[in-house]
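# Prediction below, plus the sequence it came from.
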Amino acid sequence: MSNRRILACMGAMAGLLVVAGGVASRAAAQVQQAKPVTDTAKKKPVASDQRIKIQKGDVTKVVVTKNAGGEVRLPPCPIDQDSVDRALAALRQADFTHEQQALTDQRRADSESAALELRSAIDRVLTETAAARQREREDSIVSAANAKEEAAAVLKRHLARGFYFGLAAGASAPQRDTRNGYTGGWNTTIPLGWDASDLPFGIRTDFAVDHLNGTRFQNQSAVTTAASGDITVWSINADLKLRAHAPGTTRSHVYALGGIGAHRVAEGVYGTTGPLAGQNLNFSDAKTNFGWNVGAGATLEWGGTELFIESRFFQVKTDLAYHMNGGIGTYTNFTPIVVGLQFF
């Protein structure tokens, strides 16, 4: 027998069992009512079997046989194939509906799970992106601060002053009464100094040599009445310096300086008369005289050095015989103008 027929038979049998159960209950009730009210010992024996005719729905002439032992035997029942097919179709439809509902629920669960994972992934990416941007911002701030500090340090090193020395040369010109006996000459200066980096002050010493050319005075007969030989002024000066830097990142600046010095005025021809007439005064025989100076200058940054130009006014009390006898005066005044380089 095929599976379909087995299932149909089993369904029909289940329905018949329900009907049979009802019939059996009714038969038992009828037998109970038929019992005579007599002593059980004199009770007639019950027949070994009893046949009952049942009519229910599509099932007709169903006979239930009850044996003496209490067993119920059901005869084969006819099967309604259409009902079986409809029942199987309903079962298949129910299974299909259940499967479709299960698939729909699974797809919905999968979709919700995928959406949750996508949302979690998006949140994670957003969090990581925000953290990366924050790190980049912090790194940028730190880099900018470091760059600013480094630039400030580089600028500070660039503008640092400290000790320096230099070499300069130029022209030297007599001033005031000294012009009556001398003309211009030359100058050589070797400066050595120190400038503060954080303050505009500095100190400087220098060794300088100024040479002034002498003059000769003649009368109308071309007779020399007075003459001054060339003189050389040897100087050591000590000055205070005040500078003002140009704006920006350059070491270029202007400065003023002034101080005192020790000088020796040597050589020269001191007149045509008197005890020193026609004589030259050696450096070793010259007197050391003190004087003062004041001047100003400017520097221009030039690679690792500074190009500078300056001029100072010097006044030295010499009391030279020719100066006094010739009426020039007791002071030697001159102004050098020099150009040079300073090295740090």
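Received it, and whenever you're ready, just let me know what you need. Numbering: from 1, shown residues only.
# got the domain boundaries for the chain?
3-79, 97-159, 162-343 (automatic domain parsing).
# Please report how far the closest residue to Phe165 other than its chain neighbours lies from Asn289.
Excluding the flanking residues, the one nearest Phe165 by C-beta to C-beta, 6 or more residues apart in numbering is Leu192, at 4.8 Å. (Glycine included, C-beta is placed from N, CA and C.) From Leu192 over to Asn289 the distance is 22 Å, taken as C-beta to C-beta, to the nearest Å.
# of the two, who's got more company?
Asn289 (18 against 14; other C-beta atoms under 10 Å).
# Identify all residues paired with the more buried one through a beta bridge.
Beta-bridge partners recorded for Asn289 (DSSP bridges): His263.
# Phe314 too?
Note on Phe314: beta-bridge partners Asn293, Phe334, judged by DSSP bridges.
# Next one: it from Thr178, what distance?
Phe314 is 10 Å from Thr178, by C-beta to C-beta.
# For those two, list the residues in contact with both.
332-334 (C-beta atoms under 8 Å, 6 or more residues apart in numbering).
# For these, pick the one with the most neighbours.
Thr332 (29 neighbours).
# Quick one: residues contacting it.
Counting by C-beta under 8 Å, 6+ apart, Thr332 touches 178, 231, 233, 263, 265, 314-316, 318, 320, 323.
# Gln93: which of those is nearest?
The nearest member of the contacts of Thr332 to Gln93, counting by C-beta to C-beta, is Phe314 at 127.0 Å.
# Just give me the neighbour total for the closest one.
Residues within reach of Phe314, counting by other C-beta under 10 Å, total 24.
# Repeat that for Gln134.
Under the neighbour criterion other C-beta under 10 Å, Gln134 is assigned a count of 10.
# did I read that right, the residue nearest to Phe165 in a helix?
No: assessed with DSSP: H, G, I helix; E, B strand; the rest coil, Leu192 is strand; it does not lie in a helix.
# So for Gly135, what's the pLDDT?
Not quite, residue 135 is Arg, not Gly. pLDDT, Arg135: 91.
# ditto for Asp110
For Asp110, the pLDDT comes out at 89.
# One more: Leu74?
On pLDDT, Leu74 comes in at 51.
# got it, and Thr38?
pLDDT, Thr38: 45.
# from the contacts of Thr332, which is closest to Glu99?
Closest approach to Glu99 among these (C-beta to C-beta): Phe314, at 118.4 Å.
# Please identify the helix or strand for Ala114.
Using DSSP states H and E, the element containing Ala114 is helix 81-159.
# next structured bit after that helix?
Next along from helix 81-159, by DSSP H and E: strand 162-174.
# that older thread, with the shared contacts of Phe314 and Thr178 in mind, which one is nearest to Arg108?
Looking across these and measuring by C-beta to C-beta, the closest to Arg108 is Phe334, at 108.5 Å.
# pretty sure the closest one is touching Pro174, no?
Yes: using C-beta atoms under 8 Å, Phe334 is in contact with Pro174, at 5.4 Å.
# anything in contact with each of those two?
Listed as contacting both Phe334 and Pro174 by C-beta under 8 Å, 6+ apart are Leu212.
# hmm, back to that, can you tell me which of the shared contacts of Phe314 and Thr178 is nearest Tyr164?
Checking those against Tyr164 by C-beta to C-beta gives Phe334 as the nearest, at 25.3 Å.
# check contacts around the closest one.
Phe334 makes contact with 172-175, 178, 210, 212, 233, 314, according to C-beta under 8 Å, 6+ apart.
# Just the pLDDT at it, thanks.
96.
# just to revisit the earlier point, need the contacts of Phe334 in TSV with distance to Ser221 and pLDDT, can you?
As requested, the contacts of Phe334 are exported to TSV (distance: C-beta to C-beta, whole Å; pLDDT from 0 to 100):
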residue	distance to Ser221	pLDDT
Ser172	34	98
Ala173	31	96
Pro174	28	94
Gln175	32	93
Thr178	27	84
Asp210	34	97
Leu212	28	92
Val233	34	94
Phe314	37	98
